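**Q** just to be clear, the model below is a prediction. Sequence and coordinates:
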Amino acid sequence: MKSLADLAAIREKMKAQVGLRREHENFISVVVGMGTCGIAAGARDVLAAFVEEAAKEDLGKVIVTQSGCIGLCACEPVVEVTIPGQEKVTYVNVTAEKAREIMERHIRGGEAVTAYMADAANN
Amino acid sequence: MKQLSEYILDIAENSIRANADRVDIALRESADGRFVEMCVTDNGRGMSDEECLLAGNVRFTTKDGDGGFGLLALKAATEQSGGSFFVKSELGIGTEVRASFMRELCPPVGDIADTLMALLASEAETRIVFRHKRGSCDSVDFDSNLAKAALGGELLSHPKALLIIRDHIKELYGSDYSELFQKG
């Protein structure tokens, strides 16, 4: 059974992986917009999908956080993916399914999913 | 929004954006069992009396950029369901938002575990305390400080940690918390 005691086990793993902590700024960042507009459009499910996928990766590789409204209310849920050394990519109208695809193709495969990007949606 | 837990997420998000370092979330039923109430209390920046009067009006916001729909949506939902809506706030002290719904017209509570996980997935690392009250039962069901203590100061917002917390809460309630408020 999973319990809060399992968190202590994670702590031990984290201690063993010095250099992967957030302070080192060397992680892939996924930020999900969680303003009213985002939540109403399903951002909570999108965040859950990213967290589930990110948890499969090595500790410290991918960090999923949320922010307030990113300012693209008409195309929520909005997600920003930043891979160190690369330009930030903004995805729009994201669903849990698209989130898994973005994890697979962009974060694991290294190639942004252009069809879901903000620029593609505007054209 | 379709679930009460989504409204809770939205209102508690306001607390995080208002720089609260602690947010208390409560879900309870009224003594006579006719109403379900959600309550979000924070120690964030708070609002002045003037701002508080405007809270829940169209496009009123204390945040930068777009906004001003969250409280409005909650207020409208409570009014449509024969409930009530209440905001109390003091500048520099914090804000309390209470919304009640007539049980029969209350949106399903939905996935409270996903809501708590989304709140914890934040750079702010705000302390989140969740409690429920039903009849004589009043218990704190989750306190992120306890989870943080288990992690010994490591990141609570790490995906693996978030999933363990979510599964822990899901085990307490199943995926739909509304069972807790079913009669009998």
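**A** Received the coordinates, thanks. Fair warning: this is a prediction, and the values are worked out from it, not measured in the lab.
**Q** CA atoms only: put stretch B:115-130 into PDB for me.
**A** Taking Å, rounded to 0.1, in the frame of the first residue of the first chain, the C-alpha atoms of stretch B:115-130 are listed here in PDB:
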ATOM      1  CA  THR B 115      -7.300  19.100  -6.800                       C
ATOM      2  CA  LEU B 116      -4.900  18.700  -3.800                       C
ATOM      3  CA  MET B 117      -2.200  17.400  -6.100                       C
ATOM      4  CA  ALA B 118      -2.600  20.400  -8.500                       C
ATOM      5  CA  LEU B 119      -2.300  22.800  -5.600                       C
ATOM      6  CA  LEU B 120       0.900  21.100  -4.400                       C
ATOM      7  CA  ALA B 121       2.500  21.200  -7.900                       C
ATOM      8  CA  SER B 122       3.500  24.700  -7.300                       C
ATOM      9  CA  GLU B 123       6.800  26.600  -7.000                       C
ATOM     10  CA  ALA B 124       5.300  28.400  -4.000                       C
ATOM     11  CA  GLU B 125       5.200  25.200  -1.800                       C
ATOM     12  CA  THR B 126       2.200  26.600   0.000                       C
ATOM     13  CA  ARG B 127       1.100  24.600   3.000                       C
ATOM     14  CA  ILE B 128      -2.300  23.000   2.200                       C
ATOM     15  CA  VAL B 129      -4.500  21.600   4.900                       C
ATOM     16  CA  PHE B 130      -7.700  19.800   4.000                       C
END
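**Q** now that stretch, how far from the chain's geometric center?
**A** 10 Å (C-alpha atoms, centre = their mean, to the nearest Å).
**Q** who does residue B:39 bridge with?
**A** Taking DSSP bridges as the rule, residue B:39 bridges to residue B:26, residue B:98.
**Q** and it, how far from residue A:106?
**A** Separation of residue B:39 from residue A:106 (C-beta to C-beta, to the nearest Å) stands at 40 Å. Placement of C-beta: from N, CA and C, glycine included.
**Q** is residue A:48 in contact with residue A:95, as I believe?
**A** No: with contact taken as C-beta atoms under 8 Å, residue A:48 and residue A:95 are classed as non-touching, separated by 11.6 Å.
**Q** which one's more surrounded, these two?
**A** More neighbours surround residue A:48 than the other of residue A:48 and residue A:95, with 23 against 15 (other C-beta atoms under 10 Å in any protein chain shown).
**Q** check the secondary structure at the more buried one for me.
**A** Following DSSP: H, G, I helix; E, B strand; the rest coil, we place residue A:48 in the helix state.
**Q** list the residues that contact it.
**A** With contact taken as C-beta atoms under 8 Å, 6 or more residues apart in numbering or on different chains, residue A:48 is in contact with A:96, B:114, B:117-118, B:166.
**Q** ok, which stretches of chain B are helices?
**A** All helices of chain B, identified by DSSP state H, fall at B:4-17, B:49-54, B:70-80, B:112-120, B:144-151, B:159-173.
**Q** which helices and strands sit right next to the first one?
**A** Which is helix B:4-17. Other helices and strands packing on helix B:4-17, by 3 or more C-beta pairs under 8 Å, 6 or more residues apart in numbering or on different chains; DSSP states H and E, are helix A:36-40, strand B:22-29, strand B:35-42, helix B:70-80, strand B:94-102, helix B:112-120.
**Q** what comes up buried for that helix?
**A** B:4-17 (16 or more other C-beta atoms under 10 Å in any protein chain shown).
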